[in-house]
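would you be able to build a 3D model of this:
(2 chains)
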Amino acid sequence: MKRTVYFTLLLLVLALVLAACGGQALECEDEIGCVEVAPDEPITVAYMLTISGPTAFLGEDSRGGIEIAIDDRGGELLGHSIELVGEDSLCSAEGGQTAAQKVAANTKVVGIIGTNCSSAATAALPIISEAGLVMISPSNTAPALTDPNGTWQPGYFRTAHNDLFQGRVAADFAYNELGARTAATIHDGSPYADGLQAVFAERFQELGGTITFQGAVNVGDTDMRPILTNIAADSPDVLYFPIFEPEGNFIAAQSKEIPGLENTTLMGADGLLVDSFPEATGPAAEGMYLSGPYITGSAYDEFLSKWEAKFGGSPPSGFHAHAYDATNILFDAIEKVAVQGDDGSLLIPRKALRDAIASTANFNGLTGTLTCSETGDCATGEALGIYQITDAEISGGNWPPEVVWTP
Amino acid sequence: MREKFFERFSWVSLVLNSFRIIVIILIVVGAFNTLQGGKYTTSQWVSLSVSGLAQGSIYALIALGYTLVYGILLMINFAHGEVFMAGAFTAVFVAEAFKESGFLDSSPLLAVTILILVAAVVSTVVAVILERVAYRPLRGAPRLVPLITAIGASFFLQYTFRGLYGSGFKSYPEVAAVQGTWHIAGNDIPIVQIVVFVAAILLMVALYWLVERTKVGKAMRAVSENKEVAALMGIDIDQIIVMTFAIGGALAGAAGVINGLYRPQGVSFTMGFFPGIKAFTAAVLGGIGNIPGAMLGGLFLGVFESIGPNLILEGLGIPAANQLKDAIAFTMLVLVLIFRPQGILGERLTEKKA
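The predicted structure is shown next:
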């Protein structure tokens, strides 16, 4: 009796193995492996975005861009449906690491769109790279991420502008357009804000300006009077704080109560370029400048109308178009390298996929013409502008604010 | 054996003593250097201190909730920050409606009072439900158990409110009546800071009166002294515990609106976390379980946080001094606990309580 059971089991296993081999004529020759997609299986793409917590608007913004990119392909790629899975990478190193481990454990994932925050990317990157995955970020801007001597690892790309561009643009604007000669900066300890203010300060000094103060606050601080009192001692022309909500709101609002800062112009960056910022800050935000992605063109208008139809309203932040482009670059590369079997199965070689993305040239995206470098920078920094907040945004209804200057 | 014990004992006290001395030297040297440098004017110090007092009075109101519950249940209600958030987050919608209808500007005192009542009611309801669902079933359990439950409840509340009101930031409308400054003794003091301070003090006085002069207060004190004996005297323990949570919740809700007056921005589902931690620190600083202690601890922490980084750290030449604001607050806590383990006004706890 026992023998019969074993025999049947053996037969069953053999049958399964044979069935698997029979349909599988494709062989993986890639040095870091392949993703196999069975004939009726979907192609799995993952997102790693900040979908909870105070920066959830960033994740919402990017995910919308990804979903519209999938819709534009009819939800299909090479005859397979596209499945979008996702993890919450938060806006922290811990979140990035946890999300990366979860995504890397899923061997069906072909590529990742993410992360939003540079801090999450820095922690996620070693795991993602080790797993042979590709990750294209719509909104990481920290310079170190695409610096081979920094935290760059093979498999990482971004469609967001490098902050080396953004910090320069902000400093050029402050010095040349506003005529500022002294500036103070505040960061919040994140790689994003710290990197950005450092680039700003360096460029500002290079142009001939003086940096009076470079300081930092904590994420979670609400009382900014001490640091503002410190800054007010020198009454700088410009106060640059490329941080996030709500700390940015507190700085902007409380700066109006500090004697010595009456003539100081406030400047922020794309972290504060979110529709809730002016309204939540109130009159203190009036006249404040924000640097950030600036996208124009009929293709973008079309994208916005798709957004309106799908989600209602307008995107909550500035990186939806970057997410859309990132998704399309990934899809194009998959189409380029995937090997199709006779029965409709797919084999996607991982190393070849990386190379295909790295060789992306003159990609016509919403954010401009993108050409990816070997170390992951796909954006050239041309799609940047300086926005100015006016009463129209503060009293609600109008978003985004008007662009007053482009480099 | 005995000798060994004394040897170790003196080691510990040596380390503690030298730590005290080092910290005090650092504080004195830092403050001296900063004042010597003369970077800040007297009026700047005054305005920092006053804004610290206003912030501190908000900490104090929240801290009272921790201290009341600890006094009776010997338990740290770590979800108390979320009780504060619940009131503040709900009242912001009412405040927006008041602003739009013009009610907030035409009769600000009445409008703000209604806002405080709304927030207090919401926070009270949340606190009472919290006690009923998360703490009462665990009353006989070891003390670590409700502590962990509190942390779980804290996350539950945060994400419940995120589900209800969304993840975006809201802000309180400006109340025209409290804008501007008063000129007092050569310094311009923002009216809103004075209003916040006075409102908080009034609430604290009311609480003190409630606890010391009313029957409910007497029952609360009795329960805190000894639950079993209080029950034998005919006090309904469960009811008193619910009352305690309700009072703590109401104060937290009121603090939510007062905080909104003082600092309108940043109202979101995560807003309760840091004030919660700071208020807990304030409660311990003042002597947990002691009501005037929580008030004093809150004010002390607020002022120290406000002037500490500029006064002490800058004088020591520490870069990014303002980022170390929290470090200052917690160093202060450690320092006070070394000198007076029971807190500034705390009594030495009996064996059972400690």
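
C-alpha only now, for contacts and for neighbours.
Fine.

so which bits of the stretch 101-250 of chain B are right by chain A?
Counting by C-alpha under 8 Å from any C-alpha of the partner chain, the residues of the stretch 101-250 of chain B close to chain A are B:167-172.

which one (most neighbours) among the residues you listed?
residue B:172 (27 neighbours; other C-alpha atoms under 10 Å in any protein chain shown).

which strand or helix spans it?
Under the criterion DSSP states H and E, no helix or strand holds residue B:172.

follow-up on the earlier one: greatest separation within the residues of the stretch 101-250 of chain B next to chain A: which pair is it?
Greatest spatial distance among those (C-alpha to C-alpha): B:167 and B:172, at 16.0 Å.

packing partners for the helix or strand hosting residue B:24?
Taking DSSP H and E as the criterion, residue B:24 maps to helix B:2-37. Packed against helix B:2-37 by the contact rule (3 or more C-alpha pairs under 8 Å, 6 or more residues apart in numbering or on different chains; DSSP states H and E) you find helix B:325-339.

angle of the helix it packs on against helix B:2-37?
Orientation of helix B:325-339 against helix B:2-37 (axes from the mean of the first three to the mean of the last three C-alpha atoms, to 10 degrees) gives an angle of 140 degrees.

next one: helix B:325-339 to chain centre, how far?
Helix B:325-339 sits 15 Å away from the centroid of its parent chain (C-alpha atoms, centre = their mean, to the nearest Å).

contact partners of the particular helix or strand that has residue A:44 in it?
Assigned by DSSP H and E, residue A:44 belongs to strand A:43-49. Residues lying outside strand A:43-49 but in contact with it, judged by C-alpha atoms under 8 Å, 6 or more residues apart in numbering or on different chains, are A:37, A:58-59, A:62-63, A:77, A:80-90, A:96, A:99-100, A:103, A:108-116.

6 Å - rerun?
Residues outside strand A:43-49 that contact it (C-alpha atoms under 6 Å, 6 or more residues apart in numbering or on different chains): A:59, A:82-89, A:109-116.

skipping adjacent residues, who's closest to the one residue in chain B that gets nearest to chain A in space?
Among the residues of chain B, residue B:323 lies closest to chain A, at 4.4 Å counting by C-alpha to the nearest C-alpha. Closest residue in space to residue B:323, ignoring its immediate chain neighbours: residue A:217 at 4.4 Å, by C-alpha to C-alpha, 6 or more residues apart in numbering or on different chains.

same check on residue A:122?
Nearest residue to residue A:122, sequence neighbours excluded (C-alpha to C-alpha, 6+ apart): residue A:151, at 6.5 Å.

so that neighbour makes contact with residue A:142?
No. In this structure, residue A:151 is not within contact of residue A:142 by C-alpha atoms under 6 Å, at 10.0 Å.

buried residues in the helix or strand of chain B with the lowest mean pLDDT?
When the helices and strands of chain B are scored by mean pLDDT, DSSP states H and E, helix B:2-37 comes last with a mean of 79. Buried residues in helix B:2-37, defined by neighbour count with 16 or more other C-alpha atoms under 10 Å in any protein chain shown: B:20, B:26-27, B:29-31, B:33-35.

what's the following helix or strand after it?
Later in the chain than helix B:2-37, the nearest helix or strand by DSSP H and E is helix B:42-73.

any idea how far the residue positioned nearest the centre of chain A lies from residue A:120?
In chain A, the centroid-proximal residue (C-alpha atoms, centre = their mean) is residue A:139; its distance is 1.9 Å. Distance, residue A:139 to residue A:120, using C-alpha to C-alpha, to the nearest Å: 11 Å.

same question, residue A:380
Separation of residue A:380 from residue A:120 (C-alpha to C-alpha): 23 Å.

these two: who's more crowded?
In terms of neighbours (other C-alpha under 10 Å), residue A:120 is the more surrounded of residue A:380 and residue A:120; the figures are 28 against 19.

I'd guessed the more buried one sits against residue A:90; true?
No. With contact defined as C-alpha under 6 Å, residue A:120 and residue A:90 do not form a contacting pair (7.1 Å).

any regions of chain A where pLDDT drops low?
A:1-25 (pLDDT under 70).

can you pull the domain assignment for chain A?
A:34-160+A:319-376, A:164-293+A:385-405 (automatic domain parsing).

quick one: closest of these to residue B:149.
Taking C-alpha to C-alpha, domain A:34-160+A:319-376 is the member of the domains of chain A nearest to residue B:149, at 21.2 Å.

follow-up on the earlier one: and the domains of chain A as CSV, adding distance to residue B:86?
Compiled in CSV, the domains of chain A are given as follows (distance: least, C-alpha to C-alpha, whole Å):
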stretch, distance to residue B:86
domain A:34-160+A:319-376, 16
domain A:164-293+A:385-405, 18
